[in-house]
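>>> Predicted model follows, preceded by the sequence.
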Amino acid sequence: MNSSITIFGGTGDLTYRKLMPALYNLFARGLLNGNDLICAIGRKDYKQEDYHKLITKWIEEFARLEVKEEVLQAFLTHVHYLKMDLSKKEEYSILQTFYQDRHYDNTIVYYAVAPSFFEVITDGLSQVTNLSKPKIVLEKPFGESLEQAFYLNEKLEAQFGKDAIYRIDHYLGKEMIRNILTIRQTNYLIANMWSKEHIQCVHISAAERVGVGSRGSYYEQAGALKDMVQNHLLQILTIVALDNPDAELAQQQKEVLEHLRVIDASNVKDSVVLGQYEGYRLEEEVDPTSNVETYAALKVHIDHKRWKGVPFYICTGKRCSHPGIEVVVTFKRMKKEVAPNVLIIKIQPTEGVDLQLNVRHPQEELGLKQVWMEYCQNCEDIFRLNTPEAYERMLWACLNNDASWFSKWDQIALSWKYVDGIKEAYKQEQLPVKSYPVDSSGPSTSELTNDQEDHQWRIA
Ligand code: BG6
């Protein structure tokens, strides 16, 4: 079967950093067919060789697998750069002509662009009749508001069919996020302790060292809540908290979102802290008076019988000092004076699992000792090199019509509603977007907890 992957946003950050390296990896693993085509669309006037040179640099920097010259050259013969302005309807005839004598049974169109372009691309594609039954991959955020997301969703589903829409959340392609389910499904010790009776609190954090870089204009519309919380962090939350890890994933995730306690004007002050790193306003394409948040910390409650009363602390920030993504589960103490057991699922950059236990201290008079049992998966070369990177895994799934780990529309609608409500309440209560120094742990979040047990903040 021959496949074609058409990428709108062929000269964007996502294509350079993630998609091309992922496609190179698939090619190097022998998973792309000799006739497969990657068509990258952009407005710039690049010759094929120039575009190839450009992506080579990114592939060399970001591909998971070693870049071998002969493999790279062979890969590049599959990559075609097509100059067209995606915002102009009349230019879609360029795409139509391009696919005139090219026939593929498996067709993917990737919207690697800001959501403000989703509609114009969809309209434009209605004039392109040479792409057979395309699968449409949509990057987050899906739409710019809940209302617009509804509108777009109807339009896309009507034009391409419900099953043709693949809403990507690349976090669902990360090895250790998938491992959360396995850990829950296969460890008696954990499966039977996964509830309010045994768990004190859960922290889910994703801290980044980088700032917004060249994505200022996109970020000004999104902010941390829409860029990270509405999708990636809520996806992790749903996997950690879903009721039955053996049942259908999408349905289980949806149930968690349905049980999120609403954050509104009555509780936003104790539930949300937003921050902005110093210097953000000086970034390229950022309003010098911007109040957009680059940091968000939330205390979330899930009003479900499994979790009643257990706080889930979610936190994400750019330009933070200790980059990494992890889930920290703090169990209840056996006795007041005994430290709790803690389970840490490390997602990035270290991939692994750590568990803290109490043992008797060998010097008797010192009482107890806390020890960590640690497993680092990507410390082992064989696993690091053989574990597909998130985009690689998601692209491969899409090529094979496997939509199981792509986000479903109802999940997106529920998380939009939740996050829109938070934004609204924060504004209504005139809460500050707190400034924090670069390379720090973010602003103070003491508003969120005065409970000493919830002490395991990883970022703040
Ligand atoms: C993207 C966000 O979805 O995820 C970026 O738009 C963020 O702002 C990125 O930097 C983080 O992804 P990863 O895989 O590097 O953790």
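It's in. Numbers count the residues shown, from 1 in each chain.
>>> Show me which residues of the stretch 101-250 of the chain sit near the ligand.
Contact residues (Cβ under 6 Å from any ligand atom) of the stretch 101-250 of the chain with the ligand: 170, 208, 227. Heads up, the C-betas are built off the backbone N, CA and C, glycines and all.
>>> What pLDDT is listed against the closest residue to the first one other than its chain neighbours?
Once its chain neighbours are removed from consideration, His170 has its nearest residue in Ala390; the separation is 4.3 Å (Cβ to Cβ, 6 or more residues apart in numbering). What the model reports for Ala390 is a pLDDT of 95.
>>> Please tabulate the residues of the stretch 101-250 of the chain next to the ligand in a markdown table, including the columns pLDDT.
Converted to a markdown table, those look like this (pLDDT from 0 to 100):
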| residue | pLDDT |
| --- | --- |
| His170 | 94 |
| Glu208 | 97 |
| Asp227 | 94 |
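>>> quick one on the thing from earlier: contacts only, for the residue nearest to His170.
If a contact means Cβ atoms under 8 Å, 6 or more residues apart in numbering, then Ala390 has 170-174 as its contacts.
>>> Tell me how many other residues crowd whichever residue of the stretch 201-350 of the chain sits closest to the ligand.
When scored by Cβ to the nearest ligand atom, the stretch 201-350 of the chain has Asp227 as its residue closest to the ligand, at 4.7 Å. Residues lying near Asp227 (other Cβ atoms under 10 Å) number 23.
>>> so it makes contact with Arg215?
No - using Cβ atoms under 8 Å, Asp227 is not in contact with Arg215; the gap is 9.0 Å.
>>> Which residue, other than its chain neighbours, is closest to the residue in the stretch 1-150 of the chain that the ligand sits nearest to?
Residue of the stretch 1-150 of the chain nearest the ligand, by Cβ to the nearest ligand atom: Lys140 (6.2 Å). Nearest-residue entry for Lys140: Asn231, 4.5 Å, with adjacent residues in sequence omitted and distances by Cβ to Cβ, 6+ apart.
>>> give the contact list for the closest residue to Arg215 other than its chain neighbours.
Excluding the flanking residues, the one nearest Arg215 by Cβ to Cβ, 6+ apart is Asp13, at 6.3 Å. Counting by Cβ under 8 Å, 6+ apart, Asp13 touches 213-215.
>>> Tabulate those in JSON lines, adding columns for pLDDT and secondary structure.
What follows is those, written out as JSON lines (pLDDT from 0 to 100; DSSP: H, G, I helix; E, B strand; the rest coil):
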{"residue": "Gly213", "pLDDT": "90", "secondary structure": "coil"}
{"residue": "Ser214", "pLDDT": "87", "secondary structure": "coil"}
{"residue": "Arg215", "pLDDT": "89", "secondary structure": "coil"}
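>>> between those residues, which has the most around it?
Neighbour counts for the contacts of Asp13 peak at Arg215, which has 19 neighbours (criterion: other Cβ under 10 Å).
>>> gap between that one and Asp402?
29 Å (Cβ to Cβ, to the nearest Å).
>>> In terms of helices and strands, where is Ser435?
strand 433-436 (DSSP states H and E).
>>> That strand pairs with which strands?
strand 272-277 (parallel) (DSSP bridges).
>>> before we move on, the earlier item: for the residue of the stretch 201-350 of the chain closest to the ligand, give me the backbone phi and psi.
Note on Asp227: its backbone torsions stand at phi -80, psi -40 [degrees, to the nearest 10].
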